[in-house]
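Undergrad: no sequence on this one, just coordinates:
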């Protein structure tokens, strides 16, 4: 994680600009270089790079000359979380994007991108927040010519497949510190599969995707659905299959193939226990009864929760909470 504390405004801007340019080469300027404050996290997922950044208003220009000089043949996907963006692709019309919008560009195309309307985080400090994904164009199993009309357009990340993609990217950034080295390449593949599924649906060309890519994209959608509904004790394979218009048997087959043999029910249970474990260690939730913590994660039966928790972590929930809060300077029950 790059944080700009301890550097002068100009030094912070130069360092942040260099980090951006590693995968998104462009001429970056800002009217705020004298007091520039920015943050950036880069997560390498095999050949895929995830960027999370917060920065003052700035301008990014990639000229035709820059394209001729260096072109990594990559796609750049951006999810805007806060602020505003105005993108002018080459000589084309300008498109404006707001919070929650996704847009895709190709490194072979010149562009002029302005970031503005940043949220205020202090009396004189404003920030744009965004998550970006950069990956080689060759990884996307869709012909580039089919995607020309989608490049530079804004798509809402609040519903449908774009919402699943947006949710996955934000969640991936939040979990960055917890990822093991073996997980990164697999998650990079999932990101590309979700992007491909989204674009294929925009083109009504899902059938052109390889079966493996469609299967992995479906798994990503299923997992996102499960995460959103962990609170529901009635969540089951039949409910999940019905929500995705597939048979229960196909759901089980896809899940076990792509999850190293782990079943749907086992994954749901593991997610519920892990969320409950984190809740129990949260000082802000120390006054919430353990049974209530379990119930909000879809496990209303106290005895079943306690037994499953002990089997997974080797100690009862109450002892885990006591140890976690004591280690963190809180007070246990």
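TA: Received it, and whenever you're ready, just let me know what you need. Because the structure is predicted, anything quoted here is derived from the model rather than measured.
Undergrad: So residue 114 versus residue 184, what's the distance?
TA: Taking Cβ to Cβ, to the nearest Å as the measure, residue 114 falls 32 Å from residue 184. Just so you know, the C-beta spots here come from the backbone N, C-alpha and C atoms, and that holds for glycine as well.
Undergrad: ok, now residue 261?
TA: 21 Å.
Undergrad: One more: residue 315?
TA: 30 Å.
Undergrad: Which of these two has more residues huddled nearby?
TA: Neighbour totals were compared for residue 315 and residue 184, and residue 184 leads with 17 against 13 (other Cβ atoms under 10 Å).
Undergrad: Run through the residues that contact that one.
TA: By Cβ atoms under 8 Å, 6 or more residues apart in numbering, the contact list for residue 184 reads 43-46.
Undergrad: ok, longest strand in the protein?
TA: If you go by DSSP state E, the chain has its longest strand at strand 125-136.
Undergrad: Quick one: distance of the next helix or strand after that strand to the chain centre.
TA: Using DSSP states H and E, the helix or strand that follows strand 125-136 in sequence is helix 144-147. Between the centre of helix 144-147 and the centre of its host chain there is 24 Å, according to Cα atoms, centre = their mean, to the nearest Å.
Undergrad: Average pLDDT for stretch 301-314, rounded please.
TA: Computed over stretch 301-314, the mean pLDDT rounds to 96.
Undergrad: and it, how far from the chain's centre?
TA: Counting by Cα atoms, centre = their mean, stretch 301-314 comes out at 30 Å from the chain centroid.
Undergrad: Nearest to residue 285 among the contacts of residue 184?
TA: Nearest to residue 285 among those: residue 43, at 27.7 Å, using Cβ to Cβ.
Undergrad: For burial, what's the neighbour tally of residue 101?
TA: 22.
Undergrad: Leaving out sequence neighbours, find the closest residue to it.
TA: In space, and not counting its chain neighbours, residue 101 is closest to residue 154: 4.6 Å by Cβ to Cβ, 6 or more residues apart in numbering.
Undergrad: and that neighbour, what does it touch?
TA: 95-97, 101-103.
Undergrad: for the chain, which spans come out with low pLDDT?
TA: For the chain, the stretches with pLDDT under 70 are 1-6, 118-125, 328-333.
Undergrad: where exactly do the strands run in it?
TA: With DSSP E as the criterion, the chain has strands spanning 2-3, 27-29, 39-45, 48-55, 58-62, 74-82, 84-89, 95-97, 101-106, 111-116, 119-122, 125-136, 155-156.
Undergrad: Quick check: the gap between residue 275 and residue 298.
TA: For residue 275, the distance to residue 298 - Cβ to Cβ - is 9 Å.
Undergrad: between those two, what contacts are shared?
TA: In contact with both residue 275 and residue 298: residue 230, using Cβ under 8 Å, 6+ apart.
Undergrad: Stretch 19-27: which residues count as buried?
TA: 19-20, 23-26 (16 or more other Cβ atoms under 10 Å).
Undergrad: list the contacts for the residue lying closest to residue 31 once chain neighbours are set aside?
TA: Distances taken as Cβ to Cβ, 6+ apart put residue 57 closest to residue 31, at 6.8 Å, once the chain neighbours are dropped. Applying Cβ under 8 Å, 6+ apart to residue 57 gives the contacts 30-32, 83, 114-116, 118, 126, 128.
Undergrad: Pick out the most distant pair among these.
TA: Using Cβ to Cβ, the two most remote members of the contacts of residue 57 are 31 and 83, lying 14.8 Å apart.
Undergrad: tally of neighbours for the closest residue to residue 21 other than its chain neighbours?
TA: Once flanking residues are discounted, residue 21 sits nearest to residue 28: 7.4 Å by Cβ to Cβ, 6+ apart. Residue 28: 21 surrounding residues under other Cβ under 10 Å.
Undergrad: Residue 28 and residue 62 touch, don't they?
TA: No. Residue 28 is not in contact with residue 62 according to Cβ atoms under 8 Å; the separation is 10.0 Å.
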